[in-house]
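Peer 1: Fold the following, please.
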Amino acid sequence: MSLFESDKSAERIPVSLITGFLGSGKTTLLNRLLRHDGMQDSAVIINEYGEISLDHLLVERLDGEVAVLASGCVCCTIRSDLEETLRALLVRRDRGEVPPFRRILIETTGLADPAPIVQLLLNNPLVSHFLRLDAVVTTIDAVNAAHQLDRQYEALKQVALADRLLITKRDLVEDITALEVRLRRLNPGAKIESVTHGEIDPAQLFGAGLVDPERKTVDAERWLNEQAFAGSREAAQGHEHQPDHHGPDDHHHHDASITSFVIAFDEPLDWMAVSHWLAYLRNARGADLLRVKGILNLRDEPVPIVVHGVHHVFHSPVALAKWPDADRRSRIVFITRGIARDEVLALWQAGRAAA
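Peer 2: Model prediction:
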C-alpha cells in the first residue's frame, strides 16, 4: 500500500488567481470574463481595496459580503482572512443560500504577493480538501511594465509565479518584442497572450492545474511541461534560463536573480532522500524558492508521485493513478530567486554522500 494520498484533484473546485501590478487591467479582464456564458457558474472574490469596483455588475445583494452579479456569478469581498471567506462561501453553497458554482476566481490588489494565496490552496487542509489551485493569471501593462519590473519586486514576483501572462494595453504600444523576451526570461514556462480591453477566451486562461478541464482527468505531463517545458531534453539536462547580459536588457540586472531550471533523474529515487533534500531547501532557502513542481519515480511506488510548493510551503505528496507516458524519469522544475541549479544539485549529492 502506498504511503501517499491518491490524487483527488478532479473532485475539487478549481480556483484561479488573477493578479498583476496596479493599473494593469485585472478588473477589466474579470469583467470581460464574467460576460462569457461558460463563466456563469463562477464565484468571484475581490479584495475590498481593489482599484476598480464591480458594483456596476451587481443586481442583488444577498447580505453583507455576498452579492449576485448580472451574469449570475456569486461575488464577495475579502474582509478578513481569505480562508474564512472561502470556507463561508462553500458552506453557503452547500446550504443553497447562494447559486451553485463550479469554479472560484480571486482578484488580488495590485501590490499583492500571490504566494500566500497559492500556499493556502496547497497546504491548508481546511481549504485544500475542497479546493484546488488551477491557474495563476498575471496581467502586465504593456505601457508601464518595463518601469514596474525595474523598480517593483512585487511586479517581478507576480510574473515569476504565473501560469498565464496577459499583456494588456497592447494597442497603446507599437512593439512589445522586448517585453515578451523579458517575460520569457523571467518565466519561460508561462503562456503569454496579448489582450485588448480584457477580451480573451476563458479557455486560454484556465486549466493550468493537474486536471484536464475538459476530460476531468489528471494530466501531469502537461502540468509539468507548462511550467518550464520539462519535456525539453535540453531543459531536463539542466540548462538554466535567465537574461543574457550582452543584449539590450543590461539595465535589468535584478532579473538575473530569477532563474528557472529542471533537474532530472534517470533512476528511481528514495523518498526519504528526496524528502530530506526538499526539507533542507525549504528551511534554508524557502524565501527564494518561488515555485517548485515535480513528478517523481520512487522506489517501491508503482505510480508517479507529484510534489508542488511555493516558498517553504508544499502540498502533501500525491500519488497519481498512472504514469502519463513512457517517460519514467523524475523531473523537478524550480523557479528561484538567487539559487542556481548547481547549488540545488550539490545539496542533493551531499545528502546522498552522507546517507
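Peer 1: Please count neighbours and contacts with C-alpha atoms only from this point.
Peer 2: Will do.
Peer 1: Nearest spatial neighbour of residue 293, chain-adjacent residues omitted?
Peer 2: Take residue 293 and drop its neighbours on the chain: the residue closest to it by C-alpha to C-alpha, 6 or more residues apart in numbering is residue 308, 4.5 Å away.
Peer 1: mind checking the SS state of the one you found?
Peer 2: strand (DSSP: H, G, I helix; E, B strand; the rest coil).
Peer 1: Also residue 72?
Peer 2: Of the three states, residue 72 takes coil according to three-state DSSP.
Peer 1: What does the closest residue to it other than its chain neighbours show for phi and psi?
Peer 2: Nearest residue to residue 72, sequence neighbours excluded (C-alpha to C-alpha, 6+ apart): residue 40, at 5.5 Å. Dihedral pair for residue 40: phi -70, psi -20, per degrees, to the nearest 10.
Peer 1: ok, how many other residues are close to residue 40?
Peer 2: Counted with other C-alpha atoms under 10 Å, residues neighbouring residue 40 total 20.
Peer 1: Isn't it up against residue 69?
Peer 2: No - under the criterion of C-alpha atoms under 8 Å, residue 40 makes no contact with residue 69, lying 9.2 Å away.
Peer 1: On the C-terminal side of the one helix or strand residue 32 maps to, identify the next helix or strand.
Peer 2: Using DSSP states H and E, residue 32 falls within helix 26-34. Proceeding N to C from helix 26-34, the next assigned helix or strand is strand 42-47, under DSSP H and E.
Peer 1: Mind giving me the packing neighbours of that next one?
Peer 2: strand 74-78, strand 103-107 (3 or more C-alpha pairs under 8 Å, 6 or more residues apart in numbering; DSSP states H and E).
Peer 1: Mean confidence (pLDDT) on it, please.
Peer 2: For strand 42-47, mean pLDDT rounds to 86.
Peer 1: do stretch 335-349 as well
Peer 2: 90.
Peer 1: Now that stretch: buried residues?
Peer 2: 335-337, 339-341, 348 (16 or more other C-alpha atoms under 10 Å).
Peer 1: Quick check: the two most widely separated of those residues?
Peer 2: The largest separation in these, counting by C-alpha to C-alpha, is between 337 and 348 at 18.5 Å.
Peer 1: And residue 304, how close does it get to residue 295?
Peer 2: Distance of residue 304 to residue 295, given as C-alpha to C-alpha, to the nearest Å: 6 Å.
Peer 1: Comparing the two, which shows the higher neighbour count?
Peer 2: Taking other C-alpha under 10 Å, residue 304 and residue 295 do not tie; residue 295 has more neighbours (26 against 22).
Peer 1: Show me which residues of stretch 298-314 are buried.
Peer 2: Neighbour-count burial for stretch 298-314, counted by 16+ other C-alpha under 10 Å, picks out 298, 301, 303-314.
Peer 1: where in the stretch 101-250 of the chain is pLDDT low?
Peer 2: For the stretch 101-250 of the chain, applying pLDDT under 70 flags the ranges 208-250.
Peer 1: Can you tell me what sits against stretch 169-178?
Peer 2: Residues outside stretch 169-178 that contact it (C-alpha atoms under 8 Å, 6 or more residues apart in numbering): 141-143, 194-197.
Peer 1: I misspoke; the intended subject was stretch 11-28.
Peer 2: With contact meaning C-alpha under 8 Å, 6+ apart, stretch 11-28 is reached by 51-52, 54, 102-112, 114, 129-141, 148, 154-155, 158-159, 168, 197-198, 206.
Peer 1: Given the strand ranked longest in the chain, what are its sheet partners and their directions?
Peer 2: Longest strand in the chain by number of residues (criterion: DSSP state E): strand 131-141. Strand 131-141 pairs in its sheet with strand 13-20 (parallel), strand 164-168 (parallel), by DSSP bridges.
Peer 1: what about the strands in the stretch 251-355 of the chain?
Peer 2: With DSSP state E, counting those that start in this stretch, the ranges of strands along the stretch 251-355 of the chain come out as 258-265, 289-296, 305-310, 313-314, 318-319, 330-337.
Peer 1: any chance of the buried residues of stretch 298-314 in JSON lines, with distance to residue 282 too?
Peer 2: Below are those laid out as JSON lines (distance: C-alpha to C-alpha, whole Å):
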{"residue": "298", "distance to residue 282": "21"}
{"residue": "301", "distance to residue 282": "24"}
{"residue": "303", "distance to residue 282": "25"}
{"residue": "304", "distance to residue 282": "22"}
{"residue": "305", "distance to residue 282": "19"}
{"residue": "306", "distance to residue 282": "17"}
{"residue": "307", "distance to residue 282": "13"}
{"residue": "308", "distance to residue 282": "12"}
{"residue": "309", "distance to residue 282": "9"}
{"residue": "310", "distance to residue 282": "9"}
{"residue": "311", "distance to residue 282": "7"}
{"residue": "312", "distance to residue 282": "5"}
{"residue": "313", "distance to residue 282": "8"}
{"residue": "314", "distance to residue 282": "9"}
